[in-house]
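Student: Need the 3D shape of this:
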Amino acid sequence: MIILPWPPASLSGHNKNRWWVLAKVVKAQRDGAHIATLAAKLPPMPDSGDIRIHFRFVPPDRRGDRVSFPNRLKAAIDGIADALEINDARFLPSYEFCEPQAPGRVEVEILGRESDVSFDPGPHGN
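Tutor: This next block holds a predicted model:
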């Protein structure tokens, strides 16, 4: 599992910071995610196919809009992909939103290739 700090609101799509201010924040997020991914010592990723990645948001408080939380992660996703030496377009993301817990964090799980996951539609499936 990769644990990332809570992403700052300045990475929200509605933020109007100047590009040079935002560039420093983006670089810090990307570099931090890269380092955290390497520290997690994940196994090598397959050469092809989608890779399931799950993000669990644990916000620091009740402020913020859950719809915008995933948008704040683009730089971190790029850093994770850099560390795994893959194209981030291969990620097939899913999201979970938890109750607040200071100081906030994002827990990231790489679940594997989409083709490795069996699907059970359950009793109501077709």
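Student: Check the gap between M1 and I77 for me.
Tutor: For M1, the distance to I77 equals 15 Å [Cβ to Cβ, to the nearest Å]. Placement of C-beta: from N, CA and C, glycine included.
Student: which of those two has more neighbours?
Tutor: When neighbours are counted by other Cβ atoms under 10 Å, I77 comes out ahead of the other of M1 and I77, with 19 against 11.
Student: Need the residues that contact whichever strand or helix holds that one.
Tutor: Assigned by DSSP states H and E, I77 belongs to helix 74-84. With contact meaning Cβ atoms under 8 Å, 6 or more residues apart in numbering, helix 74-84 is reached by 2, 4, 7, 11, 25-27, 29-38, 42, 45, 53, 87-88, 90-91, 93, 106, 108, 110.
Student: repeat for stretch 7-27
Tutor: Taking Cβ under 8 Å, 6+ apart as the rule, stretch 7-27 contacts Q29, G64, D65, S68, F69, N71, R72, L73, K74, A75, A76, V106.
Student: So the fifth one sits against P59, correct?
Tutor: Yes. Under the criterion of Cβ atoms under 8 Å, F69 makes contact with P59 at 7.5 Å.
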